[in-house]
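Visitor: Here's my sequence, what's the structure:
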Amino acid sequence: MLTRHFARSCQSLLRVSQTVPSGLGRSGSLRAAVMTRKAAAAGAPQSGLTVQPSEYPQVYRDEAVIEDLHGVKVADPYRWLEDPDSPETQAFVEAQNKLTQQVLEQCETRGQFKELFTALYDYPKYGTPFKRGDRYYYYYNSGLQQQYVLYGQDDLKAKPVVLLDPNTLSNDGTIALKDAEFSENGQLMAYSLSSGGSDWCNIKVLSVGPGGNAVQHDDMLEHVKFSSIAWTHDHMGFFYNRFPDPKKAADLGTETDTNQNQLLCYHVVGQPQSTDVVVLADPNHPLWMFGAEVTDDGRYLIVYVSEGCQPQNRLFYLDLHKVAKSPVSNALDFSSFDFFNGSEPLPIVKLIDSFEASWSYVANDSEAFTLKTNYSAPRYRVVRVNLNTPGAPSTWSDIVPQHPKDLLQSAVALQGDALVVRHLRDVKSALGLHELSTGKLLQEFQLPGIGSVGGFSGNRKSREFFFSFTSFVEPGSTYRVDLDASNPCPELFRATQLKVQHNPVDYEVKQVFVTSKDGTQVPMFITNRKGLKLDGNNPALLYGYGGFNIPLEPGFSASRLAWLAGYGGVFAQTNLRGGG
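Guide: A predicted model of the protein is given here:
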């Protein structure tokens, strides 16, 4: 239970309560605790703090809730807790919180740790720069802002200008920018906003005005959820996803019905949503979801059809040259193909019509498509197919074959014959430059150390790309690579600076491999302050996860740094099987 977790955490903190300084000196620098007390023997109490079973709140068990699942009787006595608004659930939460506070109040270092914790969290956070049209953009949070702000600038050295600040859209900061996509010329941006953490969104449109300021349009698209935004290259409209109008008038986000029958629609900027054409729907498969993407050359619409959370999808495409233009607006006119009211079927081609594998678009040169897939390759590969003579997927040629060990995470095509491929190698990022035409490896980029490549930006309009890099002690740095340089290599573009004194070189990050019972080598990262003697006398925090094919990569956490700095702690992160 949650209270037991807090109790155990507090016990670990109390082990060092007599030797931990405040964590923040007068100069704002971090202070590390020096452990002087011997670690308790295995199985021995870690402190005098205990929580008796009788102190835990009494929880009602509804013994009448029993289900028959395939002939097996399954009791669910706490199902009543699934209603967060019921008086019973609220009373349960209040009682749990009361006990938790009683435990935490006994932690002598709690106030000092909170001071350090808060100071570490309050640091500027930058997103990876990206170029749209003639301007560069990036997301920025000054420290403790509820939402990131989108800035634009004429060039990388120009003064940034706010394009959109979601923090100004509500008094409590609960309206969030979920997605933002620019038109091909960079002059328009469609963006989706959600409120109070809901998945439901509204899509709006703005123009990038003189000086980079936003000029809002009247467009408002409702009932949007799990949506892509994909502009056609005429800059006049975009594809998006919505669901049919809800049956009830209740606020979206509080309903309990399953969302079904997602629609793929096309919106022409400046027109009311009621005129939007339903490009694709499938009532025979109400759980299917339709993601949309327009190819780099603007000719094809790519449709990703998915169902559930497995890495599997169907892949359809539509030649947009087969769609006529409106004689009035000159925008693409899909009205004859409207799923419900059209006079003819949409000429969409089902390139992959099964849920056997994952397929995603990388690049295309006319009908030659480059795709990333896990088809017959659980660690992924990059393949090529010609749309005129596709044949079976088993015949498609490898461009970047599946690696014997490393996981291929992404492949991004740049201007010219360039493909940047990111692999996960023993749970650490590796970045390489390949020829797009042949897949030949040209060079491996040297990364700053043990860490993860996060945000990445680049496209076929440019020879430059950006990526972000983080580690357990590196709060985030952005690097730029210019492929036209005589020696293309990552150059530091921006380093995140904490508001308290911190130097990543003061810490040691190493990777070890632990032998499992069946002989499998399980990787584990260990982080601690340099010079700390690892003799078992230091407070240690071990975290592991293995599920849903999600790997635990190295990453920065202000709370973990507070643990390392404030308590002289050791942090170990193990990569359990099941996590990729």
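
Visitor: In the stretch 1-150 of the chain, where is pLDDT below threshold?
Guide: 1-49 (pLDDT under 70).

Visitor: Walking through it, point out its strands one by one.
Guide: 66-69, 72-75, 125-126, 130-132, 135-141, 149-153 (DSSP state E, counting those that start in this stretch).

Visitor: tell me what the third one is packed against?
Guide: Same thing as strand 125-126. strand 135-141 (3 or more CB pairs under 8 Å, 6 or more residues apart in numbering; DSSP states H and E). (C-beta placed from N, C-alpha, C; glycine too.)

Visitor: Which neighbours in the sheet does the strand it packs on have, and how are they oriented?
Guide: strand 125-126 (antiparallel), strand 130-132 (antiparallel), strand 149-153 (antiparallel) (DSSP bridges).

Visitor: what would these look like in TSV with mean neighbour count?
Guide: Below are the strands paired with strand 135-141 laid out as TSV (neighbours: other CB atoms under 10 Å):
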stretch	mean neighbour count
strand 125-126	18
strand 130-132	20
strand 149-153	20
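
Visitor: of all these, which lies closest to residue 278?
Guide: Residue 278 sits nearest to strand 130-132 of all the strands paired with strand 135-141, at 28.2 Å, using CB to CB.

Visitor: So what touches the closest one?
Guide: Strand 130-132 is contacted by residues 136, 137, 138, 182, 186, 457, 459, 461, 462, 466 when judged by CB atoms under 8 Å, 6 or more residues apart in numbering.

Visitor: Repeat the analysis, applying 7 Å as the threshold.
Guide: 137, 182, 186, 457, 462 (CB atoms under 7 Å, 6 or more residues apart in numbering).

Visitor: roughly how far out does that strand sit from the chain middle?
Guide: Chain-centre distance of strand 130-132: 19 Å, with CA atoms, centre = their mean, to the nearest Å.

Visitor: Quick check on residue 559: phi, psi?
Guide: phi -70, psi -40 (degrees, to the nearest 10).

Visitor: Quick one: neighbours of it, just the number.
Guide: By other CB atoms under 10 Å, 12 other residues sit near residue 559.

Visitor: same thing with residue 404?
Guide: Quick note: residue 404 (other CB under 10 Å) scores 6 neighbours.

Visitor: So it versus residue 178, what's the distance?
Guide: 38 Å (CB to CB, to the nearest Å).

Visitor: circling back: can I get the strands paired with strand 135-141 in CSV with distance to residue 425?
Guide: Converted to CSV, the strands paired with strand 135-141 look like this (distance: least, CB to CB, whole Å):
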stretch, distance to residue 425
strand 125-126, 26
strand 130-132, 26
strand 149-153, 33
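
Visitor: So for residue 376, which of the ones you listed sits nearest?
Guide: strand 130-132 (33.2 Å).

Visitor: circling back: among the contacts of strand 130-132, which are located in strands?
Guide: Using DSSP state E, the members of these that fall in strands are 137, 182, 457.

Visitor: out of the residues you listed, who's nearest residue 128?
Guide: So of the ones in strands among the contacts of strand 130-132, ranked by how close each gets to residue 128 (CB to CB), first place is residue 457, at 5.1 Å.

Visitor: quick revisit: for the contacts of strand 130-132, which single residue is the most surrounded?
Guide: That'd be residue 137 among those, by other CB under 10 Å, with 25 neighbours.

Visitor: Report the beta-bridge partner residues of residue 570.
Guide: Counting by DSSP bridges, the residues bridging with residue 570 are residue 540.

Visitor: dump the residue contacts of it.
Guide: 526, 528, 534, 538, 540.

Visitor: Got the confidence number for the first one?
Guide: Read it as residue 526. Predicted confidence (pLDDT) for residue 526: 97.

Visitor: partners of it in the sheet?
Guide: The partner residues for residue 526, given DSSP bridges, come to residue 510, residue 572.

Visitor: give the contact list for it.
Guide: 510, 512, 570, 572.

Visitor: Determine which two of the contacts of residue 570 are furthest apart.
Guide: Top of the distance list for the contacts of residue 570 (CB to CB): 526 and 538, 11.2 Å.

Visitor: was I right about residue 353 contacting residue 317?
Guide: No: using CB atoms under 7 Å, residue 353 is not in contact with residue 317; the gap is 11.8 Å.

Visitor: Report the distance from stretch 411-429 to the chain centre.
Guide: 18 Å.

Visitor: mind checking the end-to-end distance for it?
Guide: 13 Å (CA to CA, to the nearest Å).

Visitor: Tell me which other helices or strands the longest strand belonging to the chain touches.
Guide: Counting by DSSP E, the longest strand found in the chain is strand 214-225. Strand 214-225 is packed against strand 200-208, strand 237-242, with contacts defined by 3 or more CB pairs under 7 Å, 6 or more residues apart in numbering; DSSP states H and E.

Visitor: mind listing what the last one pairs with, with the direction of each?
Guide: Read it as strand 237-242. Strand 237-242 is paired, per DSSP bridges, with strand 229-231 (antiparallel), strand 263-268 (antiparallel).

Visitor: quick one, helices of the stretch 1-150 of the chain?
Guide: 2-14, 87-104, 110-121 (DSSP state H, counting those that start in this stretch).

Visitor: let me redo that: the stretch 251-400 of the chain
Guide: According to DSSP H, counting those that start in this stretch, the stretch 251-400 of the chain contains no helices.

Visitor: Quickly compare the strands paired with strand 237-242 and say which is most buried.
Guide: Of all those, strand 263-268 carries the top mean neighbour count, a mean of 23, counting by mean count of other CB atoms under 10 Å.

Visitor: how about residue 167, secondary structure?
Guide: helix (DSSP: H, G, I helix; E, B strand; the rest coil).

Visitor: distance of it from residue 177?
Guide: Taking CB to CB, one finds residue 167 at 10 Å from residue 177.

Visitor: Tally up the residues packed near the residue lying closest to residue 295 once chain neighbours are set aside, please.
Guide: Excluding the flanking residues, the one nearest residue 295 by CB to CB, 6 or more residues apart in numbering is residue 364, at 5.2 Å. For residue 364, the count of nearby residues is 22 (other CB under 10 Å).
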